[in-house]
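In: structure, please.
(one chain, ligands or ions: 5)
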Amino acid sequence: MAQIFRPASNTLAKLTLFVGAVAPLATMILISQFTRSPQVTRVNVAYEQPVPFSHEHHVNELGIDCRYCHTSVEVSAQAGYPATHTCMSCHSQIWTNSPLLEPVRESYVKNVPLKWTVLNKVPDFVYFNHSIHVKRGVSCNNCHGPIQAMQMVYKGNAFQMRWCLDCHRNPEKYVNKPEFVWNLYRKIQSGAPLTPEENSLRLGRQYHRNTKEELEYGRKLVKDYHIKTEQLADCWICHR
Ligand code: HEC
Ligand code: HEC
Ligand code: HEC
Ligand code: HEC
Ligand code: HEC
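Out: Ligands and ions are numbered 1, 2, ... in the order given. Sure, this is the predicted structure:
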């Protein structure tokens, strides 16, 4: 039988397939090179904000729960920023003359939202969701550093893929009960004795469980949560 396609067209077909598969990856790598520029990745650097808001003060001294201001963190992909009226629920009565709070008052009177600078951001080709992590007891500090001790927020983490994957491959080292996330700040504030895991997180260090008992506890949670560990590191989980 006569050859319908010349060998060259076969090569072309293979090449087309190859480009089709590799081009999206190459684009992601290019975008990533750009997004990983020092301005974006710099960790431990405080940023300019319209108001010098202190988490140390509001969270650790006053004991305000994260969810009072980041209202959607438990229920949606985004944590969100507080609206001006959230600040004014207190600051229409206290510290009403503070010059530091002038932008808040102005925003309230003019009904123009404050523009908070976004520090933590993953590139557009990465899907992230807060609620699932918080529901699995992953502490905010595991990912954001020692928030309750920050005068000005800085980025606790560069969110590199291998860092996400380390947990997705071994979730038993990190998952907890959901209350763990909120109890941590109450315990720190009240000076209650902390477990080694809690103390690590207080300092903004990721805690890697390694004793037999700790890992047994983690494995049990992974099982109770029905986490599909064999799928959690699949590309489509984060690149959809
Ligand atoms: C009284 C309100 C309030 C409370 C309570 C609060 N925050 Fe915030 N948070 C803010 C505001 C305002 C900003 C934006 C300004 C800034 O970066 O400081 C912010 C910013 C952040 C950011 C950086 C956001 C970004 O752009 O990447 C993180 C992370 C964060 N908060 C975590 C927490 C955690 C964790 C808690 C609880 C332990 C908490 N916050 C409690 C008001 C609050
Ligand atoms: C639950 C009440 C409460 C809420 C809500 C709250 N604050 Fe405060 N804030 C306080 C108290 C109390 C103080 C200061 C007391 C002190 O210094 O002893 C304070 C102090 C401050 C200061 C320092 C003022 C100065 O002159 O030193 C700033 C700035 C500030 N808050 C900004 C904010 C912003 C921005 C928000 C909203 C994102 C906010 N606060 C929400 C209670 C609150
Ligand atoms: C598993 C890691 C992880 C945990 C746990 C986590 N965050 Fe985040 N956070 C991120 C990532 C990644 C981003 C950037 C998200 C993006 O670009 O969409 C982010 C962004 C934010 C932002 C910026 C605004 C926004 O809505 O994206 C705030 C505020 C924030 N986180 C607060 C919190 C609070 C409060 C908690 C705990 C209750 C928390 N985060 C727990 C990883 C985490
Ligand atoms: C400390 C552990 C930990 C870290 C770090 C972590 N994750 Fe997760 N992630 C989990 C767990 C646990 C789940 C929930 C699995 C389940 O219950 O099925 C999850 C689930 C997810 C899901 C699935 C959400 C859904 O709705 O299906 C996405 C997407 C995701 N993570 C993205 C990320 C990204 C992106 C990063 C890095 C910026 C990251 N994660 C870092 C532990 C982690
Ligand atoms: C748990 C979430 C997660 C999973 C699973 C994941 N990635 Fe990623 N990926 C990320 C994050 C976050 C970034 C952005 C990293 C950065 O900006 O440094 C990224 C970036 C990339 C990039 C851009 C280049 C780079 O390294 O920054 C490529 C290419 C990529 N991922 C391919 C893949 C492939 C292929 C798989 C499956 C084997 C995969 N990813 C699985 C979270 C994930």
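
In: when you work out contacts or count neighbours from here on, use the C-alpha atoms and nothing else.
Out: OK.

In: please report how far the residue positioned nearest the centre of the chain lies from residue 170.
Out: For the chain, the residue nearest the mean C-alpha position is residue 143 (5.4 Å; C-alpha atoms, centre = their mean). Using C-alpha to C-alpha, to the nearest Å, we find residue 143 at a distance of 16 Å from residue 170.

In: and residue 124, what is it in contact with?
Out: Taking C-alpha atoms under 8 Å, 6 or more residues apart in numbering as the contact definition, residue 124 lies against nothing.

In: low-confidence ranges in this structure?
Out: 1-44, 46 (pLDDT under 70).

In: what domains does the record give for the protein?
Out: 7-35, 55-81+116-238, 84-115 (automatic domain parsing).

In: between those, which gets nearest to ligand 3?
Out: domain 55-81+116-238 (3.2 Å; C-alpha to the nearest ligand atom).

In: what about stretch 128-142, start to end distance?
Out: 15 Å.

In: pick the most deeply packed of the domains of the chain.
Out: Counting by mean count of other C-alpha atoms under 10 Å, domain 55-81+116-238 has the highest mean neighbour count of the domains of the chain, with a mean of 16.

In: so which bits of the chain are right by ligand 1?
Out: Within the chain, the positions lying close to ligand 1 (C-alpha under 6 Å from any ligand atom) are 53, 58-59, 64-66, 68-69, 81-82, 116-120, 140, 144, 147-148, 152-153.

In: distance of the residue in the chain that ligand 5 sits nearest to relative to ligand 1?
Out: Going by C-alpha to the nearest ligand atom, ligand 5 is nearest to residue 235 of the chain, at 3.3 Å. Distance from residue 235 to ligand 1, counting by C-alpha to the nearest ligand atom, to the nearest Å: 24 Å.

In: could you pull up phi and psi at the residue nearest to the residue nearest to the centre of the chain when sequence neighbours are not counted?
Out: Distances taken as C-alpha to C-alpha, 6 or more residues apart in numbering place residue 157 nearest to residue 143, at 6.3 Å, with adjacent residues excluded. According to degrees, to the nearest 10, the main-chain angles of residue 157 amount to phi -160, psi 140.

In: residue 157 against residue 146, yeah?
Out: No: if you go by C-alpha atoms under 8 Å, residue 157 and residue 146 don't touch, sitting 10.9 Å apart.

In: and residue 239, how many residues sit next to it?
Out: Using other C-alpha atoms under 10 Å, residue 239 is surrounded by 11 other residues.

In: which residues are in contact with it?
Out: Per C-alpha under 8 Å, 6+ apart, neighbours of residue 239: 125, 126, 127.

In: so which helix or strand takes in the first one?
Out: It refers to residue 125. If you go by DSSP states H and E, residue 125 is not part of any helix or strand.

In: hmm, back to that, distance to ligand 2 added to the domains of the chain, as a markdown table?
Out: Shown next, in a markdown table, are these (distance: least, C-alpha to the nearest ligand atom, whole Å):
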| stretch | distance to ligand 2 |
| --- | --- |
| domain 7-35 | 28 |
| domain 55-81+116-238 | 6 |
| domain 84-115 | 3 |
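
In: please produce JSON lines containing those domains, extended by distance to residue 45.
Out: Shown next, in JSON lines, are the domains of the chain (distance: least, C-alpha to C-alpha, whole Å):
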{"stretch": "domain 7-35", "distance to residue 45": "17"}
{"stretch": "domain 55-81+116-238", "distance to residue 45": "5"}
{"stretch": "domain 84-115", "distance to residue 45": "19"}
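
In: residues in contact with residue 134?
Out: 73, 74, 140, 178, 181.

In: surely the second one meets residue 136?
Out: Read it as residue 74. No: with contact defined as C-alpha under 8 Å, residue 74 does not reach residue 136; the gap is 10.4 Å.

In: can I take it that residue 80 is in a strand?
Out: No: Residue 80 sits outside any strand when classified using DSSP: H, G, I helix; E, B strand; the rest coil, being coil.
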